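Undergrad: Let's see this in three dimensions:
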Amino acid sequence: MAGSRLNAAPVAIVSKQYCSPEQVVLTVRQRPQTVTGGGFVVTEDPTQKVVFRVEGCGVLGSQGELMVRDGDGAALLLVRRKEGVVQALSINRKWKGYSFDYEGVKKVVFKLKEPNSCWARNSAIRISTEPRRSGGAGDWDFEVQGRFPDKCCTVVDHLGRIVAQVILNYGVEKGMRSMDVYYVVVKPGVDQAFVFGVIAVLDNIYGESTAC
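TA: A predicted model of the protein is given here:
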């Protein structure tokens with residue numbers, strides 16, 4: 001993989017439980033909306049063990065609301081899009097990701113800005129964390145580069161270091177490619193639950209498996 005690497009010091013945003021000291025390759029399989037309500041399942045290579053399950057409005061019954069669960073179905077991260085007239089007129093549509101503590105209380109762990117107007121159309125999708133990770137470098141900590149619909153995009157930190165990559169054909173023959181199956185490479189020490197919270201939002205923004 002090209003690009004700079006993070007060191008293996010954990011960057012825990014949702015939970016340090018999901019910060020591996022090694023690079024991890026995870027497989028994403030989108031679920032048909034007509035059968036299961038949509039969303040996607042994330043498995044670990046090569047064991048195919050389910051690591052995360054992501055649900056969208058087809059399961060939750062609410063537009064602009066997404067849920068990241070662990071492999072056993074426990075809620076890890078609730079992601080909501082901010083609604084209202086002000087948001088509809090804003091150049092950026094805002095999303096918030098909430099983690100759950102041991103008592104089930106929600107707290108904001110990240111905020112994502114989605115370009116929402118012709119003036120912001122070419123702007124990057126940027127994410128800030130709570131607490132902030134960038135040491136005051138602007139109003140964002142991570143940025144999405146590339147094209148998620150093409151399954152060719154990268155999440156980088158504010159220094160341009162690669163956090164995670166979404167790719168279509170990791171170790172797969174060309175004839176076996178499918179847009180319903182793709183791969184996410186997460187760098188050492190990066191919170192995988194946070195990465196899939198961001199990917200859940202990208203999936204929804206582009207009208208894929210979590211959208212209705």
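Undergrad: List the backbone torsions phi and psi for V201.
TA: phi -70, psi -40 (degrees, to the nearest 10).
Undergrad: Kindly apply the preceding question to L60 instead.
TA: Given degrees, to the nearest 10, the pair of backbone angles that L60 has is phi -80, psi -20.
Undergrad: cool, and the one 5 residues further on?
TA: Per-residue torsions, E65: phi -130, psi 130 (degrees, to the nearest 10).
Undergrad: ditto for G58
TA: Backbone torsions of G58, given as degrees, to the nearest 10, read phi -70, psi -30.
Undergrad: Report the contact partners of Y98.
TA: Neighbouring residues of Y98 by Cβ atoms under 8 Å, 6 or more residues apart in numbering: L77, L78, V79, R80, K106, K107, V108, V109. Glycine gets a C-beta too; all of them are placed from N, C-alpha and C.
Undergrad: Could you measure from it over to T210?
TA: As defined by Cβ to Cβ, to the nearest Å, Y98 lies at a distance of 16 Å from T210.
Undergrad: cool, and Q30?
TA: Applying Cβ to Cβ, one obtains 9 Å for the distance of Q30 from T210.
Undergrad: Neighbour count: these two, which is higher?
TA: Taking Q30 and T210 together and counting by other Cβ atoms under 10 Å, T210 has the greater number of neighbours (31 against 20).
Undergrad: ok, the residue lying closest to the more buried one once chain neighbours are set aside to V190 distance?
TA: Taking Cβ to Cβ, 6 or more residues apart in numbering, and ignoring the residues beside it in sequence, T210 has G56 as its nearest neighbour in space, at 2.6 Å. The span separating G56 from V190 equals 23 Å under the rule Cβ to Cβ.
Undergrad: These two: who's more crowded?
TA: G56 (28 against 25).
Undergrad: Contact partners for the more buried one?
TA: Residues touching G56, when contacts are defined by Cβ under 8 Å, 6+ apart, comprise G37, G38, G39, E65, L66, A200, D203, N204, S209, T210, A211, C212.
Undergrad: Repeat that for G73.
TA: By Cβ under 8 Å, 6+ apart, the contact list for G73 reads R53.
Undergrad: Dihedrals phi and psi, it?
TA: phi 100, psi 0.
Undergrad: what residue ranges in the chain score low on pLDDT?
TA: 1-9, 35, 84-91, 117-122, 134-137, 170-179 (pLDDT under 70).
Undergrad: Number of residues surrounding A75?
TA: Each residue near A75 was counted by other Cβ under 10 Å, and the total is 15.
Undergrad: scratch that, R147
TA: Taking other Cβ under 10 Å as the criterion, the count of residues near R147 is 11.
Undergrad: Mind jotting down where the helices sit in this structure?
TA: 33-36, 57-60, 85-89, 192-205 (DSSP state H).
Undergrad: Let me have the contacts of Y98 in TSV, adding distance to G160 as columns.
TA: Below are the contacts of Y98 laid out as TSV (distance: Cβ to Cβ, whole Å):
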residue	distance to G160
L77	25
L78	30
V79	25
R80	29
K106	32
K107	29
V108	25
V109	23
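Undergrad: Just the buried residues of those residues.
TA: Among the contacts of Y98, those classed as buried by 16 or more other Cβ atoms under 10 Å are L77, L78, V79, R80, V109.
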